[in-house]
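> Sequence and predicted structure below; questions after.
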Amino acid sequence: MSTVEIVEVRGKVEKEHPMEKLLRMDRIPHIWCPTCGIGTAVKAFATALEQLEIDYNNVAVVSGIGCTGRVAGYMKLDSFHTTHGRAVPFAVGLAIAKPKMKVVVFSGDGDLISIGGNHFIHTARRNVDITVICVNNFIYAMTGGQVAPTTPILANSSTTPYGTFEYPFNLPLLAASSGAVYVARWTALHVRRLTNAFAEALQKRGFSFVEVIAPCSTLYARRNKLGDGLNLMKFYHDNSIIKHGADPREVDIGFQEKIVVGKFVDIEKPTYLDCLNDGYKRVFGDAYKVYGEEDE
Amino acid sequence: MDSRVINSRATTTGRVGMKFWRRPLDTDKIKIPHGELHIIWERCKGCGFCVEYCPKEVLELSTEFNAKGYHPPVAVKEEECINCGLCEELCPEFAIFPVLKEEPEEAEEVKK
């Protein structure tokens, strides 16, 4: 429905939403359920891009498969919707081919950590200069609520109707121990802090990782009888503990337990391209032309 | 803008625990900004995040339906909107945003 019709319905002159310049408006309204937290994360990301005042032609968004995998299709930036789990390898290729470009992987926990888990840890190990945003809703939401590697113990899912008994991944620990230089976790309710974290991660050289805890109303909340996304937001409000610099080993998430949020890791380390240039310079000396310095 | 200004706003809401807070010395100099709310009626999915988290409780879910069958919010106390922008940040549908309203008194003062 176009804006003109809205004006006729409400009899009030409606302005354009300030984020419309960063969204593909022909695809809006998006497919996410009411009270889903992914839209809030996208809004925070768009605000962070706006605050940084960077050239939008120099930003690329890569997504995998899943609910969050839709983000690449909604952002009016260079974007690519990859096959399942392969968002990080595509982003690595993009980041190495165009070293000046800010490459952002915006995907879900099922895509990044389960099928793409190996790509994720090895990209963090190499410290490739990309930003990974993982929207964690504790479940495979698009395929019908199966158990994910982040589903907390005792949580019900469509493949574990009596509650899962597997240990979940602790994503900040996984990223930090693999070698990420920036690791933060926020819930979808902490929008201002989340926006700041996105801005910091975008400016950081190296592998930066932001985990966004987002409510899934239709599958996670409904199957576990937790109400809807608004009830989960209220739960985050009451149960989030902000602890900057906390040890990532102590930030596990249990089923309906306290969630430790904050910026856990912020260090400086040479990136993959720095190491590549240093290594080849050591071998070939002055005959080696440094890669990534000149304009493309 | 410092924390004292935020305190002065809080005293007007009359929340418990804030009534004994010191009244800032520069309340007469600082003007509270006002926002004009724009709600994109047909895009809303009625999640209620803006209604729940508006610090001034400006919004309320309407009793009317939009074309999709949801209840979008309506501004019941629009004059109290302080243009904080939290509803815009929280809205997952990009369906609500405040715009800073120019104060008529301020405009007159500028002319003088």
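It's in.
> A:Ser63 is in contact with A:Ala72, correct?
Yes: with contact defined as Cβ atoms under 8 Å, A:Ala72 reaches A:Ser63; the gap is 3.6 Å. All C-beta spots, glycine's among them, are computed from the backbone N, C-alpha and C.
> Nearest spatial neighbour of the residue in the stretch 51-200 of chain A that chain B sits nearest to, chain-adjacent residues omitted?
Closest contact between the stretch 51-200 of chain A and chain B, by Cβ to the nearest Cβ, is at A:Val191 (4.1 Å). Leaving aside its sequence neighbours, A:Val191 sits nearest to B:Glu89 (Cβ to Cβ, 6 or more residues apart in numbering or on different chains; 4.1 Å).
> What pLDDT is listed against that neighbour?
On pLDDT, B:Glu89 comes in at 94.
> got it, and B:Ile32?
Note on B:Ile32: pLDDT of 86.
> close to chain A, is stretch B:67-82?
Yes: using Cβ under 8 Å from any Cβ of the partner chain, we find that stretch B:67-82 touches chain A at B:67, B:70.
> Give me the buried stretch members for that stretch, please.
Buried residues in stretch B:67-82, defined by neighbour count with 16 or more other Cβ atoms under 10 Å in any protein chain shown: B:70-75, B:80-82.
> Can you tell me which of those residues end up in strands?
Under the assignment DSSP state E, the buried residues of stretch B:67-82 contribute B:73-75 to strands.
> Just put those residues in TSV and tack on pLDDT.
Shown next, in TSV, are these (pLDDT from 0 to 100):
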residue	pLDDT
B:Pro73	95
B:Val74	94
B:Ala75	93
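> Between these, which sits nearest A:Arg282?
Checking those against A:Arg282 by Cβ to Cβ gives B:Pro73 as the nearest, at 61.8 Å.
> Check what pLDDT the residue lying closest to that closest one once chain neighbours are set aside gets.
Nearest residue to B:Pro73, sequence neighbours excluded (Cβ to Cβ, 6+ apart): B:Leu59, at 4.2 Å. Predicted confidence (pLDDT) for B:Leu59: 94.
> Phi and psi next, for B:Leu59.
Phi and psi for B:Leu59, reported as degrees, to the nearest 10, are phi -100, psi 160.
> Can you pull out the low-pLDDT segments for chain B?
Counting by pLDDT under 70, chain B has low-confidence residues at B:1-17, B:104-112.
> Run through the residues of it sitting next to chain A.
B:38, B:40-43, B:45-49, B:52-53, B:67, B:70, B:86, B:88-95, B:97, B:99.
> Among these, which ones are in helices?
Using DSSP state H, the members of the residues of chain B next to chain A that fall in helices are B:49, B:52-53, B:86, B:88-90.
> excluding its backbone neighbours, what's nearest the residue nearest in space to the middle of chain B?
In chain B, the C-alpha nearest the mean C-alpha coordinate belongs to B:Cys81, at 2.8 Å (Cα atoms, centre = their mean). Nearest non-adjacent residue to B:Cys81, counting by Cβ to Cβ, 6+ apart: B:Gly35, 4.1 Å away.
> is it true that the one you found touches B:Lys101?
Yes: between B:Gly35 and B:Lys101 there is a contact at 6.1 Å, judged by Cβ under 8 Å.
> More neighbours: which of these two?
Regarding B:Gly35 and B:Lys101, a neighbour count based on other Cβ atoms under 10 Å in any protein chain shown identifies B:Gly35 as having more, with 22 against 15.
> Just to be sure, the more buried one is in a strand?
Yes: per DSSP: H, G, I helix; E, B strand; the rest coil, B:Gly35 lies within a strand segment.
> Quick one: residues contacting the residue in chain A positioned nearest to chain B.
In chain A, the residue found nearest to chain B is A:Gly39; the distance is 2.5 Å by Cβ to the nearest Cβ. Contact analysis of A:Gly39 by Cβ atoms under 8 Å, 6 or more residues apart in numbering or on different chains lists A:30, A:32, B:91-94.
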